[in-house]
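A.B. asks: When you get a sec, could you give me coordinates for this:
(chains A and B)
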Amino acid sequence: MLTKQDIEAIAHLSRLEVGEDAEKLTEQINKLLDDFASLQAIDTSEIKPTSHAVPMYNVFREDEVRPSLSPEDVIKNGPDTMDDAFVVPRIVDTD
Amino acid sequence: MELYELTAHELAELIRTRKASAAEIARSFAGRIAEKEDAVKAYITVTEDKMLQAAEETDRLAAAGELLPPLAGVPCAVKDNMSTAGVRTTAASRILENYVPVYNATAVEKLEENLIPMTGKANLDEFAMGSSCENSAFFPTRNPWDLSRVPGGSSGGSAAAVAADECAFALGSDTGGSIRQPASFCGIVGVKPTYGRVSRYGLLAFASSLDQIGPMTKDVEDAALALNVICGRDVMDSTSLSAEAPDFTKALTTEIKGMKIAVPREFMEKGIAEDTKGAVLAAMKHYEELGAVVEYVSMPNVGYGLPVYYIIAPAECSSNLARYDGVKYGHRSPLSRDTFSMYKKSRTEGFGPEVKQRIMIGTYALSAGYYDAYYLKAQKVRTLVKNDFEKIFSEYDVIISPTAPDTAFGIGEQTDDPYTMKLADICTIPANLAGIPAMSLPCGFDGKGLPIGLQIMAPALGEEVMLRAAYAFEQTSDFRKKPAFPGGNK
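C.D. replies: Okay, here's the model as predicted:
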């Protein structure tokens, strides 16, 4: 059973704020985790995991120069931009 | 008969024989959208001008004697999670409310290469997460068969647009049933191709190992024609398959004598509505009358599909949606003081409740200490589900089942209980886990007059046998009907 504190920790890892929804989310997520429990009873000790439905290994292509987006296009959708750059809040502390 | 009522292949024939121009057809759909969109709300963005321009270009090329591609001039709706250069692409999320891609998804590029005009961007559950279209951040889409009901999801806008004749066909995407379940709810045909048949480049990723683009159409022939347009290897998607895509229309014969059809008991048991079960039983009998061999089989692990999916899909989603950080595109919170608050506030304001819940489940399932218990375990059980299919397909050509346990439910009816709603995907999820092709086509109506869908599944790259089974059923039955717009006719 996950607690409200667990949910808040998961929210932080997810870069989300849960605020007043924490309790409701705790209940909902616990309900889903209950259902996942049915998987634990299955013996999978000899079973290999499937990460991809179609087996695929090392897809290679020629290393050729191809057209790509212009810097102008790349920053076009940025919420805050300057010249060819995205503007973000200060990352390094001033003090 | 209005032009907008016709199938894609009928419209293509009119253009080929010069009985109608692409512009006339585009104007017919524009008029239909203007008439019905207020009631149905299938589109987030209608691209009428762009559609008319593309149609006029098609007519110019035709007049110049150019050989046109088969579906040239036949208008198509595109689910709003596929990137369209210069046309807003939202994934029905506030976080992308003003996002205008600078490039086309490969599937969209192929529509353009084939001179297929786009009617608009169809509504969906936010980031394709949901089964009813109610999770759209903007508005719910309504089912043309009964406007108080959902069209299904997540490709609900695409399905409703096809059913309401607001486009000739549509593209959807299917991660756990998001093409097939709305096709079933709206009485149309929906195909999820083999994983990798259609490039995912430019599809706003939800769960990359499960997502697949496919057509939603008025009949099986249209589905084959649309597959011819969108399938094929793409260097921009390294998971796209190198297998040559055949001409799928060649598979359309009604000759299915001796075809071996399996019906897994597990798909016909608990939770399947009586009318739905009755329609599938009737379809089984119909196939026998056509000369197919229909037998019950068992797929013991298929029932684990739902919990496996609800671990794997959120895990992949939590990783894919990490890109929405308020920096490069999408919403940035005005409350961003530092990078942490920028990430957290932007994402909290931008994502809806279902998306947040799935990101959190996925984050938990992938976190240190829980990875083995949840994610790795789910991947192992995924192998068991896949093995169940391989065993059946070693003896049978196709598998049939209901597409959804019941017909379309009422708007607002199931949102209080997200888990019950997830059961709507119980029949469709296994095909995504196994990567196999699967489709839905109409096979009857319930007591309320709502359409019921029959699901047909085939082995990987087995689209042709699947389409043949569907075509044979469709051509010898009479379930292809149009909604009468209860309460919606003006």
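A.B. asks: Give me the distance between the residue of chain B at minimum distance from chain A and residue B:24.
C.D. replies: Among the residues of chain B, residue B:435 lies closest to chain A, at 2.4 Å counting by CB to the nearest CB. In this view, the C-beta of every residue, glycine as well, is placed from N, C-alpha and C. Distance of residue B:435 to residue B:24, computed by CB to CB, to the nearest Å: 41 Å.
A.B. asks: Over to residue B:213?
C.D. replies: Distance from residue B:213 to residue B:24, by CB to CB: 29 Å.
A.B. asks: So if I had to pick from the two, which one is more boxed in?
C.D. replies: Taking neighbours as other CB atoms under 10 Å in any protein chain shown, residue B:213 and residue B:24 compare with residue B:213 leading, 29 against 15.
A.B. asks: Is the more buried one in a helix, a strand, or coil?
C.D. replies: What DSSP: H, G, I helix; E, B strand; the rest coil gives for residue B:213 is strand.
A.B. asks: name the element residue B:172 belongs to?
C.D. replies: Secondary structure assignment for residue B:172, by DSSP states H and E: strand B:169-174.
A.B. asks: other SSEs contacting the following helix or strand past that strand?
C.D. replies: Helices and strands here follow DSSP H and E; after strand B:169-174, the next one along the chain is helix B:180-186. For helix B:180-186, the packing partners by 3 or more CB pairs under 8 Å, 6 or more residues apart in numbering or on different chains; DSSP states H and E come out as helix B:156-163, strand B:169-174, strand B:189-192, strand B:438-445, strand B:451-457.
A.B. asks: who's in contact with the shortest one?
C.D. replies: With contact meaning CB atoms under 8 Å, 6 or more residues apart in numbering or on different chains, strand B:189-192 is reached by B:155, B:159, B:172, B:174, B:179-180, B:182-184, B:212, B:214-220, B:222-223, B:226-227, B:431-432, B:437-442, B:463, B:467, B:470, B:474.
A.B. asks: now do stretch B:471-484
C.D. replies: Contacts for stretch B:471-484 (CB under 8 Å, 6+ apart): B:5, B:143-145, B:163-165, B:186-187, B:189, B:218-221, B:224, B:251-256, B:283, B:286-287, B:290, B:441-445, B:451, B:454.
A.B. asks: Using ChimeraX, define a selection of the buried residues within those residues.
C.D. replies: Buried residues among those (16 or more other CB atoms under 10 Å in any protein chain shown), as a ChimeraX selection:
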select /B:143,144,145,163,164,165,186,187,189,218,219,220,221,224,251,252,256,283,286,287,290,441,442,443,444,445,451,454
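A.B. asks: what about residue B:347, distance to residue B:359?
C.D. replies: From residue B:347 to residue B:359 the distance is 8 Å (CB to CB).
A.B. asks: Tell me the helix or strand right after whichever helix or strand residue B:45 is part of.
C.D. replies: Secondary structure assignment for residue B:45, by DSSP H and E: strand B:43-46. Heading C-terminal from strand B:43-46, the first helix or strand you meet, by DSSP H and E, is helix B:48-63.
A.B. asks: list the contacts for residue B:395?
C.D. replies: B:260, B:262.
A.B. asks: hmm, 10 Å instead?
C.D. replies: Residues near residue B:395 by CB atoms under 10 Å, 6 or more residues apart in numbering or on different chains: B:260, B:262, B:295, B:297.
A.B. asks: Tell me how many other residues surround the residue nearest to residue B:262 when sequence neighbours are not counted.
C.D. replies: Nearest-residue entry for residue B:262: residue B:396, 4.0 Å, with adjacent residues in sequence omitted and distances by CB to CB, 6 or more residues apart in numbering or on different chains. Counted by other CB under 10 Å, the residues lying close to residue B:396 total 20.
A.B. asks: Next, the contact list for the residue of chain A found nearest chain B, please.
C.D. replies: Residue of chain A nearest chain B, by CB to the nearest CB: residue A:53 (2.4 Å). By CB under 10 Å, 6+ apart, the residues touching residue A:53 are B:194-196, B:209-210, B:212, B:239, B:382, B:386, B:389, B:431-436, B:460.
A.B. asks: State the pLDDT value of it.
C.D. replies: Looking at residue A:53, its pLDDT stands at 87.
A.B. asks: That one belongs to a helix?
C.D. replies: No: going by three-state DSSP, the assignment for residue A:53 is coil, not a helix.
A.B. asks: Nearest residue to it in space, ignoring adjacent ones along the chain?
C.D. replies: residue B:435 (2.4 Å).
A.B. asks: Now for residue 21, how many residues are close by?
C.D. replies: By default, I'm working from chain A. Counted with other CB under 10 Å, the neighbours of residue A:21 add up to 17.
A.B. asks: let's do chain B instead
C.D. replies: Counted with other CB under 10 Å, the neighbours of residue B:21 add up to 18.
A.B. asks: Likewise for the one 4 residues further on?
C.D. replies: By other CB under 10 Å, the residues close to residue B:25 number 26.
A.B. asks: Please report the distance of the closest residue to it other than its chain neighbours from residue B:20.
C.D. replies: Among residues not flanking residue B:25 along the chain, residue B:3 sits closest, at 5.2 Å (CB to CB, 6+ apart). In this view, residue B:3 and residue B:20 are 6 Å apart by CB to CB.
A.B. asks: go on, residue B:370?
C.D. replies: Distance from residue B:370 to residue B:20, by CB to CB: 59 Å.
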